[in-house]
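Participant: test case, fold it:
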Amino acid sequence: MNRHLSRMVAMQAIYEWNFRPDADLNEILERSIAEFADDIDKDFVKSEILGVSKNKIVIDKEIETCAPEWPIEQISIVDKSILEIAIYELIYSDGVPPKVAINEAIELAKQFGSNNSGKFINGVLGTVYDKYEKVMKKKETQNG
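Facilitator: Residues are numbered from 1 along each chain as shown. Down below sits the predicted model:
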């Protein structure tokens, strides 16, 4: 299964949910998975989306803390959605090595964001990584 495509599907679902916060997240999730069902890791997509939704308040606080010059409402919905997934992976997910989470977020930013998105996301995630350095080092040794 294609992890990059799976992450992209999760990002698009989170984007839609950020764009329409009153929408039914389960409906978005099911529709997103159905569209790419044969090419993605459905369990991974589901865990990413539900993980972000369950921890959204804490994740958004991390974004505010790690990008203090950017009020969260001024961050583009694309960048915010990418950051939410990457921060979920960095802090809460044991299955994704930190370097992979950061690299994938930068790739999504280059693909879907503005000219400066990759640099912005790299900076924010670098700050998150540094803040949780002990946790990150432990994950790196666990994941090889």
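
Participant: center of the protein, which residue is that?
Facilitator: I85 (1.3 Å; CA atoms, centre = their mean).

Participant: surely that residue touches R7?
Facilitator: Yes: here I85 lies in contact with R7, judged by CB atoms under 8 Å, at a distance of 6.7 Å. C-beta here means a position set from N, CA and C on the backbone, and glycine is covered the same way.

Participant: pull up the overlap in contacts between the two.
Facilitator: When contacts are counted by CB atoms under 8 Å, 6 or more residues apart in numbering, the set common to I85 and R7 consists of E48, L108.

Participant: quick one: I77 from Y15, how far?
Facilitator: I77 sits 6 Å away from Y15, going by CB to CB, to the nearest Å.

Participant: so for those two, which sits in the more crowded spot?
Facilitator: The residue with more neighbours, out of I77 and Y15, is Y15; 21 against 13, by other CB atoms under 10 Å.

Participant: in contact with the more buried one, which residues?
Facilitator: The contact partners of Y15, by CB under 8 Å, 6+ apart, come to I77, V78, S81.

Participant: ok, now L50?
Facilitator: Applying CB under 8 Å, 6+ apart, one finds that L50 lies in contact with L29.

Participant: what strand or helix carries it?
Facilitator: Assessed by DSSP states H and E, L50 sits inside helix 42-66.

Participant: and after that helix, which helix or strand comes next?
Facilitator: helix 77-91.

Participant: roughly how far out does that following helix sit from the chain middle?
Facilitator: Computed by CA atoms, centre = their mean, to the nearest Å, the chain-centroid distance of helix 77-91 equals 3 Å.
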